[in-house]
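Asker: One predicted model, sequence on top.
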Amino acid sequence: MIGQALLIAVSLGLGLACAVLAVLVAAARLGRLMAGAAREARLAPHREALLVLAAGGDEDGAAAALRTVSKRDWPAVRDQVVALLGKVRGDPADELAWLLDERGEFRRARAAVRSRRAITRARAAWLLGLARQPQDVTLLLPLLADRSAGVRGAAARSLGSIGDPVAAAALFEAVQPVGGRPGIPAALAAETLIGFGAGAVPAVAGALAAADATVRAVAAMVAAELALAAMAPQLRSLLSSDPVLEVRVPVVRALGVAGGAEDIAGLAAQTSATQPPVVRRAAVQALGELGHPDAAPVLAGLLPDQDVRLTQNAGDALVEIGPPGLRELLRASEGNDQAARVAAGSLAVAWLRGRVQLPDGVPLPGALTAARDGSPR
Amino acid sequence: MQVGVDESSMAMKLATVLVADDDRDIRDLVSFKLSQAGFRLQVCDDGITALAAIEAEPPDLAVLDVMMPGLSGIDVLRKVRDDERLHGVRVILLTARSRDADVDAGFATGADDYIIKPFSPRELLHRVNAVLARPRP
């Protein structure tokens, strides 16, 4: 009897808790809807002026009209200006930024980078990135070591928006963990540094020699994306000595775009069956990127490999090399083994993409005939 | 989903441009700039609606975002290029994807032009006019 009463009481309690939660969720959603509607209502009278300003060619005095927006409407207008500022560039971006500056938004953001609230610091960092003022770099750099990951990310993105390479070395440092907190994501750091272009080169050189593996990996990513031939000697040194897989893979990729004929032997060694698959595949692609005829025999030798993806990469890389690579593929396609199938497949895809042009009078190999006729070989 | 047609922009017969982007600000901005220039507009907020609109009433030019719900801009472009009835539709991709590989993929799929966000509305208008001035394939 007592057990049954207890069960009913617990069920009722749970039901009541669920009902309260449902009411709370509904109330929160309703609140958000109402706040959104109120914001839209405040923004509506100013939306067209904002569009005129953001579209450029303000001949109707839209900027002047927006300068007189009431204090009550300003928060809605400000949020929309910030949203548009991230989407346009050129004169319209300058006009929008000027509007924010006139209303004191950047001045407040400069003070807010020291706020106790992480959301306020992140917002301030974001806003300073939109302002694109080089003098704000010194305010943003300390935020790369902020205790909040959101603030660190916003600071990195804003430093990228400002585009002053003076921040490059600090961005490399920021990928390292600080006080038990993870650094900024390697991809974010690399993307920002790539945006600095040639200005990042001195920092890349230092970062390739860093003790931290993530820093070296990011430096190699940047060297690859910017095709920094000046970094090739350091990259070669890392290729032969760096024990960390996450570093060797971007180093291999970087040598594919920044290296030369002297790197063929080193990259060929990375395709050895004793190497991890990810390194082997990267090395095959890098040999294709180099585009040197001496890489063709190395790649042709990988067509019978047991790693199917590697063999496909080797076929594609041979196509990248051009006539010497295509000759290797044609030779391999005449057999009746796995290498022949891979070679025929690569040739067929290349032919369909218009990458293969046979001299007049030379008959199409079987794979190309099948591709032309739309039938499987 | 939303499809709108602005037929009041100009009395004179000008080209029709379809604008597809899931970001309302970008849709409004591009539409505003192009309608100011007198183009007739079709506006969509996802790839599926954009493709349906293009098939129903082929525009002279489509300005497509790449990352859209449903079908991406690249998917829409591929379907447009695969459809012989739509071979006259010129396509500009307007996207935040700025890597060389993304640009290569856009042109390889058949884009007539590729504009990276953040963008200049004035430059967009110039590019729209330039693409439309080219002879049809």
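Answerer: Happy to help now that I have it.
Asker: So for the closest residue to chain B within chain A, what's the pLDDT?
Answerer: As assessed by CB to the nearest CB, chain B sits closest to A:Gly90 within chain A, at 3.9 Å. Glycine gets a C-beta too; all of them are placed from N, C-alpha and C. pLDDT recorded at A:Gly90 is 90.
Asker: how about low-confidence regions in the chain?
Answerer: Here I'm looking at chain A. Where chain A drops to pLDDT under 70, the residues are A:1, A:59-60, A:355-377.
Asker: wait, I meant chain B there
Answerer: Scanning chain B for pLDDT under 70 picks out the ranges B:1-13, B:137.
Asker: Close to chain A: what parts of it are there?
Answerer: B:23, B:25-26, B:28-29, B:32-33, B:36, B:117-123 (CB under 8 Å from any CB of the partner chain).
Asker: nearest to A:Pro75, of those residues?
Answerer: Nearest to A:Pro75 among the residues of chain B next to chain A: B:Asp25, at 17.2 Å, using CB to CB.
Asker: still on that earlier bit, are any of the residues of chain B next to chain A buried, and which?
Answerer: Neighbour counting by 16 or more other CB atoms under 10 Å in any protein chain shown classes B:23, B:25-26, B:28-29, B:32-33, B:36, B:117-122 among the residues of chain B next to chain A as buried.
Asker: Throw the residues you listed into CSV and include secondary structure, thanks.
Answerer: Below are these laid out as CSV (DSSP: H, G, I helix; E, B strand; the rest coil):
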residue, secondary structure
B:Asp23, coil
B:Asp25, helix
B:Ile26, helix
B:Asp28, helix
B:Leu29, helix
B:Phe32, helix
B:Lys33, helix
B:Gln36, helix
B:Lys117, coil
B:Pro118, coil
B:Phe119, strand
B:Ser120, coil
B:Pro121, helix
B:Arg122, helix
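Asker: how deep is the residue of chain A closest to chain B tucked in, by neighbour count?
Answerer: 14 (other CB atoms under 10 Å in any protein chain shown).
Asker: Contact partners for it?
Answerer: Counting by CB atoms under 8 Å, 6 or more residues apart in numbering or on different chains, A:Gly90 touches A:56, B:120, B:122-123.
Asker: Can you add distance to A:Cys18 and give those residues back as CSV?
Answerer: Shown next, in CSV, are the contacts of A:Gly90 (distance: CB to CB, whole Å):
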residue, distance to A:Cys18
A:Gly56, 54
B:Ser120, 53
B:Arg122, 56
B:Glu123, 55
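Asker: ok, so of the residues you listed, who is nearest A:Gly206?
Answerer: Taking CB to CB as the measure, A:Gly206 lies nearest B:Ser120 of those, at 35.6 Å.
Asker: Could you check which helix or strand contains B:Leu64?
Answerer: According to DSSP states H and E, B:Leu64 maps onto strand B:61-65.
Asker: What distance do you get for the residue nearest to A:Asp263 when sequence neighbours are not counted to A:Ala203?
Answerer: Leaving out its chain neighbours, the residue that sits closest to A:Asp263 by CB to CB, 6 or more residues apart in numbering or on different chains is A:Leu255, at 4.9 Å. Distance, A:Leu255 to A:Ala203, using CB to CB, to the nearest Å: 20 Å.
Asker: neighbour count winner among these two?
Answerer: Neighbour count, other CB under 10 Å: between A:Leu255 and A:Ala203, A:Leu255 has more, with 31 against 22.
Asker: Check whether the more buried one really touches A:Leu235, as I assumed.
Answerer: Yes: at 5.2 Å, A:Leu255 counts as touching A:Leu235 under the criterion of CB atoms under 8 Å.
Asker: where do the contact lists of the two overlap?
Answerer: With CB under 8 Å, 6+ apart, A:Leu255 and A:Leu235 have no common neighbours.
Asker: leaving aside the residues next to it on the chain, what's closest to the residue of chain B found nearest chain A?
Answerer: Closest approach between chain B and chain A, counting by CB to the nearest CB: B:Ser120, at 3.9 Å. Of all residues not flanking B:Ser120 in the chain, A:Gly90 sits nearest, at 3.9 Å (CB to CB, 6+ apart).
Asker: Show the subsequent helix or strand relative to the longest helix along chain A.
Answerer: In terms of residue count, the longest helix belonging to chain A (DSSP state H) is helix A:2-55. Per DSSP H and E, the first helix or strand lying C-terminal to helix A:2-55 is helix A:62-67.
Asker: and the helix or strand just after that next one, which residues are buried?
Answerer: Proceeding N to C from helix A:62-67, the next assigned helix or strand is helix A:74-85, under DSSP H and E. Across helix A:74-85, burial judged by 16+ other CB under 10 Å covers A:74, A:76-78, A:80-82, A:84-85.
Asker: Restricting to these, which residues neighbour chain B?
Answerer: Answer for those near chain B (CB under 8 Å from any CB): A:80, A:84.
Asker: by contact count, what packs against the helix or strand hosting A:Glu246?
Answerer: In this assignment (DSSP H and E), A:Glu246 forms part of helix A:245-258. Applying 3 or more CB pairs under 8 Å, 6 or more residues apart in numbering or on different chains; DSSP states H and E, one finds that helix A:245-258 makes contact with helix A:213-225, helix A:232-241, helix A:264-270, helix A:277-290.
Asker: Tell me which of those is the most buried.
Answerer: Greatest average neighbour count among the helices and strands packed on helix A:245-258 goes to helix A:213-225 (a mean of 26), per mean count of other CB atoms under 10 Å in any protein chain shown.
Asker: any chance of the helices and strands packed on helix A:245-258 in a markdown table, plus distance to A:Arg32?
Answerer: Below are these laid out as a markdown table (distance: least, CB to CB, whole Å):
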| stretch | distance to A:Arg32 |
| --- | --- |
| helix A:213-225 | 39 |
| helix A:232-241 | 51 |
| helix A:264-270 | 54 |
| helix A:277-290 | 45 |
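Asker: who's in contact with the helix or strand containing B:Lys79?
Answerer: Using DSSP H and E, the element containing B:Lys79 is helix B:73-82. Applying CB under 8 Å, 6+ apart, the contact partners of helix B:73-82 are B:20, B:47, B:50-51, B:54, B:62, B:64-67, B:71, B:86-87, B:89, B:91, B:93-95, B:105-106, B:109-111.
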